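*Asks:* Need the 3D shape of this:
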Amino acid sequence: MKKSLLLLAGLMGMSAAMASQPIQLSLTPEISLFGRNERIEGLALSIWGENPQTALALGFVNGSTGQSAGLSWSLFLNYADDYKGVQWAAVNYTEGDFLGWQGGLVNYTEGTMKGLQTGFVNYAGKLTGLQFGFVNFAQTAETGVQIGLVNLIPSNAWFTELPDELAPGMIFVNWCF
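*Replies:* Sure thing, here's the model as predicted:
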């Protein structure tokens, strides 16, 4: 009986240790080497992949669920729940918080964006960092700078809080500290 319990405990420990996978290959989240709930810690190569991960993700569409991190390079779209690292694609979308660098045509972080956004259009729910693009929008800014043709921080006041805030909308540069 003791040996059976020890064997069962050992098998349970091994399955917990193997909760993450070193590589993911996927055509879609349903047609992949591992299921979409398996954590990938290594390399993800995808036509369309979606996993929680700490990985180098390369593909056409990369989805990172839960708390994910790494470098996500995609031809078309990167999307994530919460992400730390680098996202490079035509469109980068983070539903929650982002820490790092988003680079593409359109960068969108619904929650707090801490770091750098470089693109044609950049959006942050709350900005702590730098937005560099043609159109930059931050719903609020804790400490942030926007450089571009159109720069919007609606929570700023019109020139009354200088030098901490510039204005709700400016051309070329806007900030909030």
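
*Asks:* what about the top strand by length along the chain, distance to the chain center?
*Replies:* Ranked by residue count, the top strand of the chain under DSSP state E comes out as strand 106-152. Relative to its chain's centre, strand 106-152 lies at 14 Å (CA atoms, centre = their mean, to the nearest Å).

*Asks:* The helix or strand just after that strand packs against which elements?
*Replies:* Per DSSP states H and E, the first helix or strand lying C-terminal to strand 106-152 is strand 169-176. For strand 169-176, the elements it packs on are strand 106-152, judged by 3 or more CB pairs under 8 Å, 6 or more residues apart in numbering; DSSP states H and E. All C-beta spots, glycine's among them, are computed from the backbone N, C-alpha and C.

*Asks:* what about the residue lying closest to residue 134 once chain neighbours are set aside, how many neighbours?
*Replies:* Leaving aside its sequence neighbours, residue 134 sits nearest to residue 149 (CB to CB, 6 or more residues apart in numbering; 4.8 Å). Neighbour count of residue 149, defined by other CB atoms under 10 Å: 11.

*Asks:* Repeat that for residue 100.
*Replies:* Neighbours around residue 100, by other CB under 10 Å: 21.

*Asks:* What helix or strand is it located in?
*Replies:* Assigned by DSSP H and E, residue 100 belongs to strand 98-103.

*Asks:* helices or strands up against that strand?
*Replies:* Using 3+ CB pairs under 8 Å, 6+ apart: strand 98-103 touches strand 53-88, strand 91-94, strand 106-152.

*Asks:* Out of the helices and strands in this structure, which is least certain?
*Replies:* helix 2-17 (a mean of 41; mean pLDDT, DSSP states H and E).

*Asks:* Can you pull the domain assignment for the chain?
*Replies:* The chain breaks down by automatic domain parsing into domains covering 16-89, 91-177.

*Asks:* Which residue lies nearest the spatial centre of the chain?
*Replies:* residue 83 (3.6 Å; CA atoms, centre = their mean).

*Asks:* show me the contacts for it.
*Replies:* 64, 68-69, 72, 94, 97-100 (CB atoms under 8 Å, 6 or more residues apart in numbering).

*Asks:* Including pLDDT and distance to residue 138, could those residues go into TSV?
*Replies:* Formatted as TSV, these follow (pLDDT from 0 to 100; distance: CB to CB, whole Å):
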residue	pLDDT	distance to residue 138
64	96	23
68	97	23
69	97	23
72	98	22
94	98	14
97	98	14
98	98	13
99	98	15
100	98	16
